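*Asks:* for reference, the sequence and a predicted model appear below.
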Amino acid sequence: MQRFPLASAPLGSAQGQKRRSAPLLSRRSRRLCWGSATALLLPCVLTAAGAPPAGTPPAPATRHLARYPVRISAYVANSGSSTVSVYDTRLERKIGNAQVGRGPTGVGAAPDGDAVYVANSRSDTTSFINTGPRLLTATVPVRRRPFAATPTRDGRYVLVADFGSDAVSIISVRARRVIGTLPVGPLPHSITTVPDGRAYVTDNGGRSVTVLGRGLHATRDIRVGDFPSGISSPPSGRRVYVSNTGSGTVSVIDPDTESVVATLPGGQAPLGNAVSPDGRRLYVADSARNCLLIIDIPARRVIGHVPVGVDPQGVAVTPDGRRVWVTNEQSDTVTVIDPYTQRVRATLPTGHEPEGIAITPR
């Protein structure tokens with residue numbers, strides 16, 4: 001859900017109005033041609049006819065077609081129904097639900113794909129879900145109004161953005177308890193991490209991103225646009241992308257210099273965003289125009305608009321980069337998009353008020 005902390009927010013509620021109970025954002029046709037099939041069947045025919053003459057060189061090894069890992073699933077946090085919906089990303093269909101705490105908003109997937117973590121904004125907890133049986137395995141109390149739950153790249157910790165406490169809770173995955181709390185900027189919204197151990201937190205009430213150093217301590221703030229919300233980085237961690245909902249832009253941060261090096265167009269009210277695995281495309285949910293923006297990062301321009309449901313929130317990309325999933329809060333759906341044809345492949349039902357989404361890496 002969208003929430004802006006100041007009365008001057010272009011899309012926010014007036015100062016003094018009661019906030020909504022759940023926090024804002026929120027934040028692959030395999031073909032086998034006849035030629036290939038014939039090539040595979042021919043050795044069987046020849047073998048049946050008899051062994052090859054002596055001296056015949058051995059046949060070259062057969063190249064096997066790449067297989068899509070069947071474990072890859074999408075998890076959608078339904079803030080209005082206290083559930084997480086689970087989808088098979090290969091078949092593009094729903095396969096189940098998991099019960100979590102009240103007001104689930106943000107969801108993050110462990111690097112090994114064995115678990116997902118869900119921030120429950122109305123329970124002040126974080127849920128641990130085992131992705132095998134899709135069962136709740138732990139509930140960890142955190143501070144007020146957690147919005148995002150993001151694991152570190154090494155998988156040892158889960159970082160929780162406590163929107164109502166201006167802090168980040170650090171959960172030990174092994175111990176399943178909070179081992180530290182870090183003060184950050186006002187209204188921490190979403191978190192992304194990079195391979196060297198650093199993390200970046202959007203401060204929705206402060207026009208900034210707080211950098212957490214390798215030892216998970218706050219090191220500095222980076223100035224960005226108005227009401228920063230969604231944030232992402234590619235597997236390489238070479239750049240960090242920040243949706244500025246109030247400015248209609250995306251700030252590009254270089255982790256080497258810890259500074260903004262570019263500003264991309266973000267539509268009217270960008271919320272969740274996700275970057276392609278190769279780092280060349282950025283996908284942004286424009287909540288004001290109910291569409292997904294496709295941005296060519298090197299060219300710094302929008303190359304596509306794909307209509308989705310009402311009030312798009314979270315965005316996630318499959319590991320192969322061939323599908324983009326977008327949650328639509330006011331439609332109770334998730335949209336599956338082919339980013340190359342820029343067409344919708346499927347619109348699937350979710351629970352009530354879907355917000356955050358994560359796709360397991362394997």
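*Replies:* Great, that's in hand. Just so you know, these numbers come straight off a predicted model, no measurement behind them. Residues are numbered from 1 along each chain as shown.

*Asks:* phi, psi for residue 163 please.
*Replies:* phi -60, psi -40 (degrees, to the nearest 10).

*Asks:* cool, and residue 215?
*Replies:* Here is the backbone geometry of residue 215 (degrees, to the nearest 10): phi -90, psi 10.

*Asks:* following the strand or helix carrying residue 314, which helix or strand comes up?
*Replies:* Per DSSP states H and E, residue 314 falls inside strand 312-317. For strand 312-317, the following helix or strand on the C-terminal side (DSSP H and E) is strand 324-328.

*Asks:* sheet partners, orientation included, of that next one?
*Replies:* strand 312-317 (antiparallel), strand 333-338 (antiparallel) (DSSP bridges).

*Asks:* return the most buried member of the ones you listed.
*Replies:* Of the strands paired with strand 324-328, the one with the most neighbours on average (mean count of other CB atoms under 10 Å) is strand 312-317, at a mean of 29. C-beta: built from backbone N, CA, C; applies to glycine.

*Asks:* hmm, back to that, using CSV, write down the CA coordinates of the strand holding residue 314.
*Replies:* Output of strand 312-317 as CSV, limited to C-alpha atoms (Å, rounded to 0.1, in the frame of the first residue of the first chain):
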residue,chain,number,x,y,z
PRO,A,312,0.9,-2.3,-8.9
GLN,A,313,3.3,-2.7,-6.0
GLY,A,314,6.0,-5.4,-6.0
VAL,A,315,8.1,-6.5,-8.9
ALA,A,316,10.3,-9.7,-9.2
VAL,A,317,12.3,-11.3,-12.1
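
*Asks:* now do that strand, average pLDDT.
*Replies:* Averaging pLDDT along strand 312-317 gives 98.

*Asks:* quick revisit: any chance of the strands paired with strand 324-328 in TSV, with distance to residue 140 too?
*Replies:* Formatted as TSV, those follow (distance: least, CB to CB, whole Å):
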stretch	distance to residue 140
strand 312-317	22
strand 333-338	26
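
*Asks:* any regions of the chain where pLDDT drops low?
*Replies:* Filtered on pLDDT under 70, the chain yields the residue ranges 1-70.

*Asks:* does residue 78 really touch residue 353, like I thought?
*Replies:* Yes. Look at residue 78 against residue 353 with CB atoms under 8 Å: they come within range, at 6.2 Å.

*Asks:* tell me which stretches of this protein form helices.
*Replies:* 34-49 (DSSP state H).

*Asks:* hmm, who's touching the strand holding residue 314?
*Replies:* Outside strand 312-317, the residues within contact range by CB atoms under 8 Å, 6 or more residues apart in numbering are 1, 25-27, 74, 76-77, 230, 232, 271-277, 283-287, 290-292, 323-329, 335, 354-359.

*Asks:* what's the answer for stretch 259-268, then?
*Replies:* Applying CB under 8 Å, 6+ apart, the contact partners of stretch 259-268 are 222-225, 241, 243-244, 247-254, 282, 284, 286, 288-289, 291, 293, 295, 297, 300-302.

*Asks:* restricted to buried residues, select those residues in PyMOL.
*Replies:* A single PyMOL command suffices to select whichever of the contacts of stretch 259-268 are buried according to 16 or more other CB atoms under 10 Å:
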select buried, resi 222+224+225+241+243+244+247+248+249+250+251+252+253+282+284+286+288+291+293+295+297+302
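
*Asks:* tally of neighbours for residue 299?
*Replies:* By other CB atoms under 10 Å, the residues close to residue 299 number 10.

*Asks:* ugh, wrong one, I meant residue 174
*Replies:* Residues near residue 174, counting by other CB under 10 Å, number 10.

*Asks:* in the sheet, who's paired with residue 221?
*Replies:* residue 210.

*Asks:* should've said residue 254
*Replies:* Under the criterion used (DSSP bridges), residue 254 bridges to residue 259.

*Asks:* residue contacts, it?
*Replies:* Residues in contact with residue 254 (CB under 8 Å, 6+ apart) are 238-239, 260-261.

*Asks:* most widely separated two among these?
*Replies:* 238 and 260 (14.4 Å; CB to CB).

*Asks:* more neighbours: those two, which one.
*Replies:* Neighbour tally, residue 238 and residue 260, criterion other CB under 10 Å: the higher count belongs to residue 260, 17 against 14.

*Asks:* return the distance of the more buried one relative to residue 299.
*Replies:* Separation of residue 260 from residue 299 (CB to CB, to the nearest Å) stands at 18 Å.

*Asks:* ok, residue 144 next?
*Replies:* 42 Å.

*Asks:* same question for residue 354.
*Replies:* 31 Å.

*Asks:* just residue 357 next, same as before
*Replies:* Distance of residue 357 to residue 299, given as CB to CB: 27 Å.

*Asks:* and for residue 290?
*Replies:* As for residue 290, its distance to residue 299 is 24 Å (criterion: CB to CB).

*Asks:* can you check residue 169 too?
*Replies:* Separation of residue 169 from residue 299 (CB to CB): 39 Å.
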